[in-house]
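K.L.:
build the 3D model from these lines:
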Amino acid sequence: MKQILQFISLVGLLLTILLPVFFFLGKISHSVQDLLMLLGVFVWFGSAVFWLGSKAKEEEI
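P.N.:
The predicted model follows:
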């Protein structure tokens, strides 16, 4: 389950990072960039909170 959440988080993070580059190169419009970046941020924060820091919790036990 942790690997699935990490993959989903990576997709959200890549959306957030790569879309401004595509906009700068003229590949996508500003409105598409805004919409997909918002989606990427929600995906990143929605999935990363479940697996970040889980290693520290396992070490405490």
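K.L.:
what residues are up against Phe7?
P.N.:
Counting by CB atoms under 8 Å, 6 or more residues apart in numbering, Phe7 touches no other residue. From N, CA and C alone the C-beta is placed, and that goes for glycine too.
K.L.:
start the count at 11, not 1, going forward
P.N.:
All set: I'll call the first residue 11, so the last point we hit is now Phe17.
K.L.:
gap between it and Gly36?
P.N.:
Separation of Phe17 from Gly36 (CB to CB, to the nearest Å): 30 Å.
K.L.:
again with Val59
P.N.:
Relative to Gly36, Val59 is positioned 35 Å away (CB to CB).
K.L.:
between those two, which is the more surrounded one?
P.N.:
Between Val59 and Gly36, counting by other CB atoms under 10 Å, Val59 is the more crowded of the two (11 against 7).
K.L.:
Three-state assignment for the closest residue to Ser39 other than its chain neighbours, please.
P.N.:
Nearest non-adjacent residue to Ser39, counting by CB to CB, 6 or more residues apart in numbering: Phe33, 7.8 Å away. Classification of Phe33 using DSSP: H, G, I helix; E, B strand; the rest coil returns helix.
K.L.:
same thing with the one 4 residues further on?
P.N.:
The three-state label for Lys37, taken from three-state DSSP, comes out as coil.
K.L.:
show me the helices in this protein, by range?
P.N.:
Remark: helices assigned in the chain by DSSP state H are 12-34, 40-58, 64-70.
K.L.:
would you turn those helices into CSV with mean pLDDT?
P.N.:
Formatted as CSV, the helices of the chain follow (pLDDT from 0 to 100):
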stretch, mean pLDDT
helix 12-34, 91
helix 40-58, 92
helix 64-70, 57
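K.L.:
the residue nearest to Ser39 and Gln43 touch, don't they?
P.N.:
Yes: here Phe33 reaches Gln43: they are 4.4 Å apart, a contact under CB atoms under 8 Å.
K.L.:
what about Ser41, how many neighbours?
P.N.:
Residues lying near Ser41 (other CB under 10 Å) number 8.
K.L.:
same question for Val53.
P.N.:
19.
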